[in-house]
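> please find the sequence and the predicted model below.
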Amino acid sequence: MAAGLEFESVSRGFRSMFFMLSPNESSYEKVEDVPQYVQQAFPFFVGLMLLELVVGVVKTGGPVVTISDGITSISAGMISRLPLLLMRGCELTAYMYVWDHFRLLELPWDSAWTWWLTFLGVDLGYYWVHRSAHEVAVLWAAHQVHHSSEYYNLSTALRQSATQQLASWIFYLPLALAVPPSVFAVHIQLNLLYQFWIHTELVRDLGPLEWVFNTPKHHRVHHGRNEYCLDKNYGGVLIIWDRLFGTFAPETDKVIYGLVVPINTFENLSIQLHYYYNLWERSKLYKSVKHKFLTFLNGPSWKPGKTRLGDHDDNPKVTGKEVPHDPSWTLPLQVYVVVHFLLVLKTYHEVFENKEMLSQLTILGMTGYILLTLTSLGYLIDQRPTAAVLEMLRCAVMMTVQRYGYITPLLPLLAVPTEAFVSLSLLYWALQSISHLLVIKRKGD
């Protein structure tokens, strides 16, 4: 009996990744009863990424992801969900407020018609969320995080913005006039999960399904910086919205991935925030208050004298021979970063698992520690001059947090080795910091 229930749970979790749950098994009366589908999908994210890695090696003879890019993408996904430790998501909070105060009718939560209507409504809402994120510069400042990788694999799907949901909730509010929040809470998660598996180059063409569904083939175009790819294929689950609204483009020339102007960094705070700074600096170039405001409200390529969305005349030309930013770094440093990343990933997962039992102060402290760790690892990957000092401070914080039992080893047997490893890490980076300071002093003399 237990084995049967476990198999059913695994089956349901796997099928949720592909939006293959029926209305009967994914309809709930109360929001509190809705499963945390995204959180529960963690093992499937890992499993599918490992499968892609193996299949990629077999098919292409090489890995589909680099350590630096993969860690950066997963780190961005972690950062994007850290606010959920402190508050409910903006989309669901705003939705429930409108439902409680302004709903016009109440569709039955257990009706298949309500389920399918919500499926279409959420996907249409996502289309406009996504399209607006490309056509309004201040929204693009958040969404560009997802496009910043120059690779295209399943880890890219996890490279998400921490600020995008601050505006995305607006587009789903019409549904709150009639659709119960519990139904919306299911679909907003399943819609997001579906979009994970389409981030791969290993699935080439799905035949007739390409006419209706968003697929890897369509979404590769969306992630391209080739001119024919820009601002195309916004769909979430369905591609029909792009066909209806004139934003569809088929895959033709080899797709070159990433931002039009690559940012060449693996440090997540820079990735998350650099475009906001870019917009601010750009707005300061204009004397007109109108032009300053339009810098944020028009398209990312807009300049005075151009149409609202601007054009691509000033974009660097794509030749098809572009090579992703992939600086060399030593094998010992790669091993070090991977080990510390796995440790913080475990901590991150445990904080989410136990957040109901932790105090707000503890959650706030652990959120800061996770953010500090991911930032410091990004500095190490970028090999910035200040990386040694930041990592020394982080290791000191890690030892303190570990002493209070908030960090556990990857395996119980590794408790003592992990403590020793962290202590040696602190000593090493302290010596590196001193050495770096002495070099600076000699240059000053």
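Yes, it's here.

> which residues touch stretch 254-271?
Stretch 254-271 is contacted by residues 68-69, 71-72, 75-76, 79, 144-145, 147-152, 220-221, 223-226, 229-230, 274, 312, 315-316, 318, 320, 322, 324-325, 374-375, 378-379, 381-382, 384 when judged by CB atoms under 8 Å, 6 or more residues apart in numbering. Quick note: C-beta positions are derived from backbone N, CA and C, even for glycine.

> again, but for stretch 8-26
So stretch 8-26 is in contact with 37, 40-41, 43-44, 48, 111-112, 115-116, 186, 190-191, 193-194, 196-197, 237, going by CB under 8 Å, 6+ apart.

> repeat for stretch 405-412
342-343, 346-347, 350, 362, 366, 369, 398, 401, 415, 417-418.

> stretch 324-341 now?
Outside stretch 324-341, the residues that reach it (CB under 8 Å, 6+ apart) are 66-69, 71, 74-75, 150-151, 257-258, 262, 264, 373, 377, 380-383, 421, 425.

> where do the helices sit along the stretch 51-200 of the chain?
Ranges of helices in the stretch 51-200 of the chain, per DSSP state H, counting those that start in this stretch, are 67-81, 90-102, 112-135, 137-147, 154-157, 165-168, 181-197.

> most tightly surrounded among the ones you listed?
helix 154-157 (a mean of 25; mean count of other CB atoms under 10 Å).

> now for that helix, which elements pack on it?
Applying 3 or more CB pairs under 8 Å, 6 or more residues apart in numbering; DSSP states H and E, we find helix 154-157 packed against helix 42-60, helix 67-81, helix 181-197.

> helices of the stretch 251-400 of the chain, residue ranges please.
Using DSSP H, counting those that start in this stretch, helices in the stretch 251-400 of the chain cover 268-283, 289-297, 331-353, 360-382, 387-403.

> make JSON lines out of these and add mean pLDDT, distance to R243 and mean neighbour count.
Formatted as JSON lines, the helices of the stretch 251-400 of the chain follow (pLDDT from 0 to 100; distance: least, CB to CB, whole Å; neighbours: other CB atoms under 10 Å):
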{"stretch": "helix 268-283", "mean pLDDT": "96", "distance to R243": "30", "mean neighbour count": "17"}
{"stretch": "helix 289-297", "mean pLDDT": "95", "distance to R243": "28", "mean neighbour count": "15"}
{"stretch": "helix 331-353", "mean pLDDT": "95", "distance to R243": "38", "mean neighbour count": "16"}
{"stretch": "helix 360-382", "mean pLDDT": "96", "distance to R243": "39", "mean neighbour count": "19"}
{"stretch": "helix 387-403", "mean pLDDT": "94", "distance to R243": "48", "mean neighbour count": "19"}
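
> closest to P250 out of these?
P250 sits nearest to helix 268-283 of all the helices of the stretch 251-400 of the chain, at 28.7 Å, using CB to CB.

> quick one: that closest one to chain centroid distance?
17 Å (CA atoms, centre = their mean, to the nearest Å).

> do stretch 386-398 as well
For stretch 386-398 - counting by CA atoms, centre = their mean - the centre lies 25 Å from the chain centre.

> other residues contacting that stretch?
So stretch 386-398 is contacted by 369, 372-373, 375-376, 379-380, 407, 422, 425-426, 429-430, 432-433, 436 (CB under 8 Å, 6+ apart).

> okay, angle between the helix or strand harbouring R442 and helix 387-403 too, please.
Element membership for R442, per DSSP states H and E: helix 415-444. If you take axes from the mean of the first three to the mean of the last three CA atoms, to 10 degrees, helix 415-444 sits at 150 degrees to helix 387-403.

> mean confidence score for helix 415-444?
For helix 415-444, mean pLDDT is 87.

> on contacts alone, who are the packing partners of it?
Against helix 415-444 (3+ CB pairs under 8 Å, 6+ apart) you get helix 331-353, helix 387-403.

> can you spell out the domain ranges of this protein, please?
Domain ranges of the chain: 16-245, 331-444, per automatic domain parsing.

> out of those, nearest to T295?
Closest among these, using CB to CB: domain 16-245, at 6.5 Å.

> any chance of the contacts of stretch 405-412 in TSV with distance to W211 as columns?
Shown next, in TSV, are the contacts of stretch 405-412 (distance: CB to CB, whole Å):
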residue	distance to W211
L342	42
L343	46
K346	43
T347	44
E350	44
T362	51
M366	46
Y369	48
M398	51
V401	52
A415	55
P417	55
T418	52
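
> farthest-apart pair in those residues, please.
Largest separation among the contacts of stretch 405-412 by CB to CB: T362 and P417, giving 25.9 Å.

> for the most centrally placed residue in the chain, give its distance to N268.
Note on the chain: the residue nearest the mean C-alpha position is Q160, at 2.0 Å, using CA atoms, centre = their mean. From Q160 over to N268 the distance is 11 Å, taken as CB to CB, to the nearest Å.

> now for these two: what residues contact both?
By CB under 8 Å, 6+ apart, the residues touching both Q160 and N268 are A76.

> neighbouring contacts of stretch 222-234?
127, 130-131, 134-135, 147, 152, 156, 199, 214, 218-219, 221, 239, 241-242, 247-249, 252-260, 309, 312, 315, 318.

> buried subset of these?
127, 130-131, 134-135, 147, 152, 156, 199, 214, 218-219, 221, 239, 241-242, 247-249, 255-260, 318 (16 or more other CB atoms under 10 Å).

> state the distance from the residue nearest to P216 when sequence neighbours are not counted to E251.
Spatial nearest neighbour of P216, chain neighbours left out: V203 (4.3 Å); criterion: CB to CB, 6 or more residues apart in numbering. The gap separating V203 from E251 is 12 Å, by CB to CB.

> hey, what's in contact with both of the two?
Joint contacts of V203 and E251 (CB under 8 Å, 6+ apart) are K217.

> those two: who's more crowded?
Between V203 and E251, counted using other CB atoms under 10 Å, the more crowded position is E251 (20 against 14).

> that concludes my questions; thank you for your assistance.
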